[in-house]
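J.: Have a look at this prediction, sequence included:
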Amino acid sequence: MTYTPNTDEDRRIMLESIGLDSIDQLFTDIPKAHRDPDLKLKGPLSEMDVLAHLQSIANENVSLDQLLCFAGGGWYDHYVPAFVDQLMLRSEFYTAYTPYQPEISQGTLQVIYEFQSMVCDLTQLDVANASMYDGGSALAEAISVATNFTGRSKVLIAETVDPAYVSVAKTYASPVDITISPVRNFDVDQQGVLIERQERLQSEIDDETACVVLQRPNFFGWLEEHFDVIATAQQKDAIVIVVGDPVPLGLIKPPGDLGADIAVGELRHLVGPPAFGGPGAGYFAAKSKFLRSVPGRIAGKTKDNAGRDGYVLTLRTREQDIRRERASSNICTNEALVALGATIHMAALGKTGLQHLARLCVENAHLAAERIPRSRFKLGTDRPFLREFPVICPIPAEQVIDSLAPHGILPGIDLGQFWPELANHLLIAFTEKTSEPAIDRLMKTLGGLK
């Protein structure tokens with residue numbers, strides 16, 4: 001049986017409707033010499049030779065296996081135990097598509113249920129869904145829930161929220177009647193130190209505000225004083241959304257205890273290296289009043305007719321599953337395999353293990369802050385920080401990153417790419433992998449920069 005996407009007549013009608021005579025005219029912007037290039041491929045190779053050739057191409061990139069990584073900003077280089085990958089490769093997980101048939105998907109459904117339970121424990125909120133594409137899309141969906149729930153369209157986002165998350169949220173909001181307003185809730189003093197300015201965000205909250213988006217710890221790594229902002233938002237019946245990294249939640253007060261209505265974030269770094277940003281596994285947790293507005297799916301626990309525990313998809317608010325006019329989201333699926341890996345890792349760590357992991361990150365960050373070569377570099381914040389902090393450099397941060405690359409060190413993130421006035425600020429992050437020997441190597445190399 002053959003399948004022809006469109007006939008000659010179909011193509012003629014389509015070309016005619018856009019005023020062209022042939023398909024070739026669609027490609028006139030491409031120089032003729034490059035339209036059908038001779039690829040000059042070599043002759044056939046054996047499997048062994050093909051793999052060797054591909055490896056030689058891959059070796060032109062440098063991975064985190066070769067680099068000492070201090071990059072962060074929401075994606076961290078944690079150690080992931082070997083059993084995480086091994087358990088993810090089990091066939092009942094690795095080949096599963098989506099658990100519509102509970103009678104043959106009990107393993108996957110139970111993992112989703114456990115994932116939801118862990119997210120609720122971490123955030124101290126009532127309900128969590130079966131994960132999102134990533135943290136950025138989780139925030140965008142949370143904003144959608146907030147505007148639909150309140151009937152308002154004004155969204156305030158602290159400028160200390162991850163710029164990538166803000167960008168995703170703006171993309172989601174662009175075709176609908178949602179106004180996203182970033183609020184500059186920090187200043188830079190004459191020495192380049194970042195100063196918190198929460199009163200600006202607080203003053204912007206009014207009766208038209210659908211939600212206020214905060215991040216804890218914020219993108220710069222410090223813990224902001226959110227209490228007055230949250231209290232004002234609650235007085236105006238605005239929804240409070242808190243973006244959070246799951247590892248520090250092992251130590252700090254969770255979003256639910258702060259008064260947040262919705263909490264979102266990224267779990268990818270508990271499953272593997274940053275990998276150019278994806279795929280991710282976003283978490284989404286909320287108070288129970290949002291139960292029927294939570295995007296995606298929620299797995300529930302029940303009993304079968306023999307009295308045994310069983311799991312089933314209980315609520316689905318996406319438009320593939322219910323009437324479009326009642327849907328709160330058009331999310332198609334979720335990064336279930338990555339969420340599975342995060343669940344395995346969190347289950348293995350347990351409560352005390354997660355606390356220990358968070359404590360190691362904090363201890364390494366503060367040890368590094370003490371050892372900054374003060375003659376040329378300076379700590380860029382006076383606020384309490386956890387796993388990362390900005391450093392003021394004597395030269396642009398981009399040059400620092402380029403200078404340390406030949407030494408096998410990725411020293412952090414150039415904040416100038418997001419805020420031009422912070423071109424000399426380097427955001428340095430720490431995990432359990434960046435312990436004292438790694439810190440000494442970083443600081444020695446920084447001190448030797450010319």
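T.: In hand now; what should we look at?

J.: Helix or strand, whichever it is, which one in the protein has the lowest mean pLDDT?
T.: Here the helix or strand of the chain ranked lowest by mean pLDDT, DSSP states H and E is helix 91-94, holding a mean of 76.

J.: and that helix, how far out from the chain's middle?
T.: 25 Å (CA atoms, centre = their mean, to the nearest Å).

J.: Show me how far the helix or strand following it is from its chain's centre.
T.: Following helix 91-94 in sequence order, the next helix or strand is helix 106-123 (DSSP states H and E). Between the centre of helix 106-123 and the centre of its chain there are 19 Å (CA atoms, centre = their mean).

J.: So what touches the next helix or strand along the chain from helix 106-123?
T.: The C-terminal neighbour of helix 106-123 among helices and strands, as given by DSSP H and E, is strand 127-128. Outside strand 127-128, the residues within contact range by CB atoms under 8 Å, 6 or more residues apart in numbering are 115-117, 119-120, 283-288, 290-291, 294, 298. From N, CA and C alone the C-beta is placed, and that goes for glycine too.

J.: what do you get for stretch 155-168?
T.: So stretch 155-168 is in contact with 73-74, 135-137, 139-140, 143, 146-147, 169, 173, 178-186, 201, 204-205, 209-215, 218-220, 224, 243, 418, going by CB under 8 Å, 6+ apart.

J.: Buried subset of those residues, written for ChimeraX?
T.: To isolate the buried ones among the contacts of stretch 155-168 in ChimeraX, judged by 16 or more other CB atoms under 10 Å, type:
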select :73,74,135,136,137,139,140,143,146,147,169,173,178,180,182,183,185,186,201,204,205,209,210,211,212,213,214,215,218,219,220,224,243,418
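
J.: out of everything not next to it in sequence, what's closest to the most centrally placed residue in the chain?
T.: Note on the chain: the residue nearest the mean C-alpha position is residue 135, at 3.6 Å, using CA atoms, centre = their mean. Nearest residue to residue 135 in three dimensions, chain neighbours excluded: residue 266, at 3.3 Å (CB to CB, 6 or more residues apart in numbering).

J.: which ones are touching the one you found?
T.: With CB under 8 Å, 6+ apart, residue 266 has these contacts: 74-75, 134-136, 138, 245-246, 280-283.

J.: what about residue 337, distance to residue 204?
T.: 40 Å (CB to CB, to the nearest Å).

J.: which residues of this protein fall in helices?
T.: Using DSSP state H, the helices found in the chain span residues 8-17, 47-58, 82-88, 91-94, 106-123, 135-150, 163-173, 198-204, 227-235, 255-258, 336-370, 397-404, 436-447.

J.: Just the pLDDT at residue 331, thanks.
T.: Residue 331 carries a pLDDT score of 76 in this model.
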